[in-house]
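1. Build me a structure from this.
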Amino acid sequence: MDSKGFLSRFRRLMRGQGATEYLVILGAVLLVSLVVVSLTSASTSSQVSMKQQQSQAYWSSLSPIKVLSSKVVDSNLVLQVQNTGTSTIRLDGVNVGGTDLPIYPYYSGDYYGSAYCSKPYDNFSASSMTCALMVGAGESVYVAAQGAGVVDCGGKSGIELSNVQFAYSVGGSSVTNLVLKGDKPLVTSCGVKACDVNWTKVPGNASFLVNDFCLMTYEARNVATRAVSQTGGTIWVSVNQTYAADRCSVLGAGYHLVRDREWVVVANNVASVAANWNSSVVGVGSLKIGNNGVDSSVSYNSATDPDTGISNSTAQLVLSTGESIWHLSGNVWEWTDGSLFENRTSAVSCNQGSTPYCYNDPEGITGGQMPDTSPTTALVAWTQYTSIQYFNALNYSRLPNSSWNSSQGMGQVYLNPGLAYNATGYVSTTHAFLRGGYWANGAFAGAFALNLDYAPSGTYANIGFRCSR
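-> Below you'll find the predicted structure:
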């Protein structure tokens, strides 16, 4: 090999060695960076964990209300509190950042009971509410405070809440209006409530005293006598309110026939979403209705088959969260858990042949709970919401806009001032709630439609249900 060839080979070797050394150095730098990031992340996580531990140690040392544990599920502050005193305490409310929050019983599996709150006379326009939960001496309970607009866990693994207070009174005494205020923030973790497949997550609404809940996306199907939410199969009809409630409860802890207040919350939510209106503007035109027996831009006609056209877009209503629910209106009537008392006050005979038909009341509604257009309403009739003057037991069930009616796709109310129908005729003083309308109701059907003609034991081929949790 001559000198030129040797030098050329040497230069090539040197260049290769330089590239190798560069790659080695670059790899070392990247490894150090990853270690630094990992240590920083671990340090941050450790700091958060330390804050939570310090917070827990502080809040669990308070008296007479001790916070044993805390977490946030969506925007709901879930607390395990204990009464460390020797007398029963009435927990009158939870306040976060200067805002009083409705409180609910909380159970495992991220589900809630009814609110421990009430509005004066359930007045729809009243903004004030009273919350109270009795906690015995030494007793610990789980309670959820609905913090929508106050507690924001969006995209966070943890949250720090300042100015958390408990209002309470000492049971059996005149000691009231007491406040336990934490001097340190409450640091806690964030989580999300999960719903079953083919169930829709519905955001709660404090105005109706309803917390977040899961609702069947589709009307219940009968799968070996088990209520299932799915698109295929035959909708479960000819079932009474009592049996529907039983079929929901056997699904597991926290499952129940949809509460009437929950239904009203869903209806109010979908009515606030522009995509559900044929004009794409809330309040202009009509809300989608679905299968009501009329072919239009907001509805369709499947004759007498509620399983036909199951994917028709007019049957789909979108919630403010972007999730959907199908056939909230039209298709089949659906039981809720609601009922009211109304007795036929007239002494006039109402028998026609062998079957009692006491669905009218010449003396009108007196002393019952039936909504009313005036004190002298006497005949069973479809009624526009705009015509109802006295909501009585249904004060919470009003339209988002008092001027809307069936022209806006709201549906109507079927008033029955007499007795309710069961298998033997119009003989019951208890009127159970049917919502939404069915496949031949036309403009009577709608998200807010309500039928008060049936007793809890009444059944018909156009009556179904859905469950919630």
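2. quick one: the helices in this structure?
-> 3-59, 241-249, 260-271 (DSSP state H).
3. Show me what the shortest one packs onto, helices and strands only.
-> So the one you mean is helix 241-249. When contacts are defined as 3 or more CB pairs under 8 Å, 6 or more residues apart in numbering; DSSP states H and E, helix 241-249 packs onto strand 226-229, strand 256-257, strand 333-341, strand 463-465, strand 467-468. Just so you know, the C-beta spots here come from the backbone N, C-alpha and C atoms, and that holds for glycine as well.
4. How about the last one?
-> Taking 3+ CB pairs under 8 Å, 6+ apart as the contact definition, the neighbouring helices and strands of helix 260-271 are strand 199-202, strand 213-216, strand 333-341, strand 430-435.
5. again, 7 Å this time
-> Contacts defined by 3 or more CB pairs under 7 Å, 6 or more residues apart in numbering; DSSP states H and E place helix 260-271 against strand 199-202, strand 213-216, strand 333-341.
6. coming back round to it: of all the helices and strands packed on helix 241-249, which one is nearest Leu101?
-> Among those, strand 467-468 comes nearest to Leu101, with 21.8 Å by CB to CB.
7. Run through who's touching that closest one.
-> 213-216, 220, 227, 248, 251, 255-259, 262 (CB atoms under 7 Å, 6 or more residues apart in numbering).
8. wait, which of the helices and strands packed on helix 241-249 is closest to Ala145?
-> Nearest to Ala145 among the helices and strands packed on helix 241-249 is strand 467-468 (20.7 Å), distances taken as CB to CB.
9. for the closest one, the distance to its chain's centre please.
-> 10 Å (CA atoms, centre = their mean, to the nearest Å).
10. and the contacts of strand 467-468, which are buried?
-> Using 16 or more other CB atoms under 10 Å as the burial test, those include 213-216, 220, 227, 248, 251, 255-259, 262 as buried.
11. surely Val294 meets Asn301?
-> Yes. Taking contacts as CB atoms under 7 Å, Val294 lies within contact range of Asn301: 6.0 Å.
12. Nearest spatial neighbour of Trp404, chain-adjacent residues omitted?
-> Among residues not flanking Trp404 along the chain, Met410 sits closest, at 5.2 Å (CB to CB, 6 or more residues apart in numbering).
13. since we're on Asn301, how many residues are nearby?
-> Asn301 has 16 neighbours, counted by other CB atoms under 10 Å.
14. doesn't Asp295 make contact with it?
-> Yes. Counting by CB under 7 Å, Asn301 does reach Asp295; the two are 5.1 Å apart.
15. need the buried ones among the contacts of strand 467-468 in TSV with distance to Pro417 and pLDDT, can you?
-> Formatted as TSV, those follow (distance: CB to CB, whole Å; pLDDT from 0 to 100):
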residue	distance to Pro417	pLDDT
Phe213	32	96
Cys214	36	97
Leu215	31	98
Met216	32	98
Ala220	31	97
Ala227	33	98
Cys248	30	98
Leu251	36	97
Tyr255	34	97
His256	29	98
Leu257	26	98
Val258	26	98
Arg259	25	98
Glu262	27	98
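16. I'd like these written out as JSON lines, with distance to Trp199 added.
-> Formatted as JSON lines, the buried ones among the contacts of strand 467-468 follow (distance: CB to CB, whole Å):
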{"residue": "Phe213", "distance to Trp199": "10"}
{"residue": "Cys214", "distance to Trp199": "5"}
{"residue": "Leu215", "distance to Trp199": "6"}
{"residue": "Met216", "distance to Trp199": "6"}
{"residue": "Ala220", "distance to Trp199": "11"}
{"residue": "Ala227", "distance to Trp199": "11"}
{"residue": "Cys248", "distance to Trp199": "12"}
{"residue": "Leu251", "distance to Trp199": "11"}
{"residue": "Tyr255", "distance to Trp199": "10"}
{"residue": "His256", "distance to Trp199": "13"}
{"residue": "Leu257", "distance to Trp199": "14"}
{"residue": "Val258", "distance to Trp199": "11"}
{"residue": "Arg259", "distance to Trp199": "15"}
{"residue": "Glu262", "distance to Trp199": "13"}
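17. just the residues you listed now: which is nearest Gly149?
-> Closest approach to Gly149 among these (CB to CB): Phe213, at 18.0 Å.
18. My guess is that closest one contacts Trp263. True?
-> No. Contact criterion CB under 7 Å: Phe213 and Trp263 do not qualify, at 10.8 Å.
19. so what's the closest residue in space to Ala303 that isn't next to it in sequence up against?
-> Using CB to CB, 6+ apart and skipping the chain neighbours, the partner closest in space to Ala303 is Trp439 (7.4 Å). Counting by CB under 7 Å, 6+ apart, Trp439 touches Asn291, Asn292, Gly293, Ser302, Thr304, Pro306, Gly330, Asn331, Asn462.
20. Distance of the second one relative to Asn395?
-> The span separating Asn292 from Asn395 equals 27 Å under the rule CB to CB, to the nearest Å.
21. More neighbours: these two, which one.
-> Asn292 (31 against 16).
22. so how far is Tyr300 from that one?
-> With CB to CB as the criterion, Asn292 and Tyr300 are 8 Å apart.
23. With Asn205 instead?
-> For Asn205, the distance to Tyr300 - CB to CB - is 29 Å.
24. pretty sure Val284 contacts Asn276?
-> No. Between Val284 and Asn276 there is no contact under CB under 7 Å: 11.8 Å.
25. Those two: who's more crowded?
-> Taking other CB under 10 Å, Val284 and Asn276 do not tie; Asn276 has more neighbours (24 against 11).
26. Now do the same contact list for that one.
-> Contacts of Asn276 by CB under 7 Å, 6+ apart are Val270, Leu287, Lys288, Leu317, Val318.
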